[in-house]
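Sharing a sequence plus its predicted fold:
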Amino acid sequence: MSMNRREFIQLMSAAAAGGMLPGCDRTSTSGVGKTAAMQSPEKIYDIPKFGNVTLMHMTDCHAQLNPIYFREPNVNLGVGKAFGQPPHIVGDKLLEYFGVKPNSADAYAYTYLNFAEAAKTYGKVGGFAHLQTLVKKLRADHGPTNTLLLDGGDTWQGSGTAYWTRGKDMVGACNRLGVDVMTGHWEFTYLDKEVISNVKDFQGEFVCQNVFVKDAASFDYRFADFAGFNENSLRAFKPYSIKTMGDGTRVAVIGQAFPYTPIANPSRFIPDWTFGIRDSEMQDIVDKVRATEKPDVVVVISHNGMDVDLKMASRVSGIDAIFGGHTHDGVPKPTVVKNPGGQTLVTNAGSNGKFLGFMQFDVRNGKIQDYRYKLIPVFSNLLEADKEMATYIDDVRKPYLKTLNEELAIAEETLYRRGNFNGTFDQIICDALRVVGGAQISLSPGFRWGTSVLPGQAITMDNVMDQTCITYPETYVREMTGSDIKAILEDVADNLFNADPYYQQGGDMVRVGGMDYTMDVNAKIGGRVSEMRLDDGTLVEADKKYTVSGWATVGSKAPGRPIWEVVAEYLRDEKIAKVKKLNTPKLLGAKGNPGIAEYLGEMA
């Protein structure tokens, strides 16, 4: 059942009366709590003024121009020092940790709990036309010259239109939105010449302190005329930007691109660039900026992933705040990290346009005296669509609507991706690979992007592109030995569960179709995966060969059709998208971990 905006506001007004809107606290005896409980739903975006510098932060929107549904994970395990620490807390434990009311709009935004039913109540989230309305309101309320909009990257990839326009649709949208500074990750999965073209067209500043031109390419560098290139440092892009607020306060914004881009994604697209975490270079940049630019505030816009940001914050001094992305964690409050130079606030603002981070600084005497932070859910039904942005979105999507609007099948249950081990939409992709490819086993990457579909809704080609749209989408069917398959699982598991965040790459576990296995999350590499069995119970043998289908090869280009064609063919034949069996591993060492709830597999 859909509802118009007036009906939705009436519903939310009833929720406000019951204290169930974001920020409502009917048990509070403070004036703030009473005021919040009496707010009308249209007032939840009225944030009190504080300080003199406001930084808005979006990240990982993955080219979602229109409002979407997005289910948060019920599995986000933390191991070692990350056990029980944000962002590795899910469900009721997250609500308890951050003091969020159950069954509220915030609970819907921050958790997977009662997702399908809550989605019917609170509706879709995000959408650039609705985000534009919010950004304009906040700029007006808090002073256009006192606000900056930062983008953590993963903006130019994730939809059919982004793929077909090579990210240009998103560059145009971000220019209209007024993004001041951004960094990147999936931006680098276009050809290097396309990346440079997009950065030139972007009207904000694209900053990456950790992207360098390789020595071998520096003597005849093909982009030597690009304004962001520094021939002395060999940085391919500007490392930072200095912004002066209306009252003269100076804010330094340093960029940290995803450090493992050439490993996690094809290096053949960007052969001249090298990445990395580069703590020493980061410290040098922070020290240089503070000494020469004399900023009052130094922040990092990062695509490290939250665990990596937390470690970096403990090692690099002089950063006031890190606005993080990559791991898609919607974290309601900053984590305060101590380091030799003082402390750093670490935040992460979710994904898919679902949230806008809102940091307010009181800056006096050359430094931050105090701060306020709110992670704002972007409820599309509560924000009128900005007409100019809506027209732009309609125009860029219009040439592709016939393809995008094709209804392929009906979802029998909620289809989602996010989670450490598997999601129902991931299983559909794995089943499609096996059935269409005639394989025994299928492998699908543990990407964290991809929107959700509610039960009973039509799955459109738009939805399939949201799940699969990358610049290396080709599928394959090949023989692998059992030991080959285990090696793949072990390698990806180490990226996820290595106790040292600097050895993690921030994705989820590779999805497996047609096979189950046992995973010990606390073991070392080589010892995490055991008991691999086909769906019929047959033990997978190390030396025996199996037919495996997959996609998204990082090395050489695979020979098969794009994954979206394979999934579309499967769904057209199925008509009703039903998960026949969810291939989830048996977990060892996960019981009692607050990063797992309502797990559909077995735990021992």
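Yes, it's here.

can you give me the strands in the stretch 101-250 of the chain?
For the stretch 101-250 of the chain, strands defined by DSSP state E, counting those that start in this stretch occupy the ranges 147-151, 181-182, 205-206, 212-213, 240-244, 250-256.

Tell me which helix or strand in the chain has the weakest average pLDDT.
Least confident helix or strand of the chain, by mean pLDDT, DSSP states H and E, is helix 31-38 with a mean of 34.

that older thread, of the strands of the stretch 101-250 of the chain, which is nearest Ala568?
Among the strands of the stretch 101-250 of the chain, the nearest to Ala568 by Cβ to Cβ is strand 147-151 (31.0 Å). Where C-beta positions appear, they are placed from N, C-alpha and C, glycine not excepted.

For Tyr45, see how far away Arg417 is.
For Arg417, the distance to Tyr45 (Cβ to Cβ, to the nearest Å) stands at 29 Å.

Likewise for Gly437?
48 Å.

ok, now Thr518?
In terms of Cβ to Cβ, Thr518 sits 47 Å off from Tyr45.

what's the closest non-adjacent residue to the most centrally placed residue in the chain?
Geometric centre of the chain, nearest residue: His328, 3.2 Å, by Cα atoms, centre = their mean. The shortest distance from His328 to any residue other than its chain neighbours is 3.9 Å, reached at Ser351 (Cβ to Cβ, 6 or more residues apart in numbering).

ok, back up a step: which one of Arg417 and Tyr45 has more residues nearby?
Arg417 (26 against 21; other Cβ atoms under 10 Å).

Quick check, that one in contact with Val453.
No: in this structure, Arg417 is not within contact of Val453 by Cβ atoms under 8 Å, at 10.5 Å.

Any chance you could list residues touching both of those two?
Residues touching both Arg417 and Val453 (Cβ atoms under 8 Å, 6 or more residues apart in numbering): Phe425.

Just to check, Gln256 is in contact with His185?
No: Gln256 is beyond contact range of His185, at 10.3 Å (criterion: Cβ under 8 Å).

These two: who's more crowded?
Using other Cβ under 10 Å, the more surrounded residue of Gln256 and His185 is Gln256, with 32 against 29.

C-alpha coordinates for stretch 530-547, CSV please?
Output in CSV follows, covering the C-alpha atoms of stretch 530-547 (Å, rounded to 0.1, in the frame of the first residue of the first chain):
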residue,chain,number,x,y,z
SER,A,530,36.1,-26.0,6.8
GLU,A,531,33.3,-28.5,6.0
MET,A,532,32.5,-27.3,2.6
ARG,A,533,29.5,-29.3,1.3
LEU,A,534,27.3,-29.1,-1.8
ASP,A,535,23.6,-28.5,-1.3
ASP,A,536,23.0,-32.3,-1.5
GLY,A,537,25.4,-32.8,1.4
THR,A,538,28.3,-34.1,-0.6
LEU,A,539,31.7,-33.1,0.9
VAL,A,540,33.7,-30.8,-1.4
GLU,A,541,37.1,-32.5,-1.9
ALA,A,542,40.4,-30.5,-2.2
ASP,A,543,41.6,-32.2,-5.4
LYS,A,544,38.3,-32.7,-7.1
LYS,A,545,37.2,-30.2,-9.8
TYR,A,546,33.8,-28.4,-9.7
THR,A,547,32.0,-26.2,-12.2
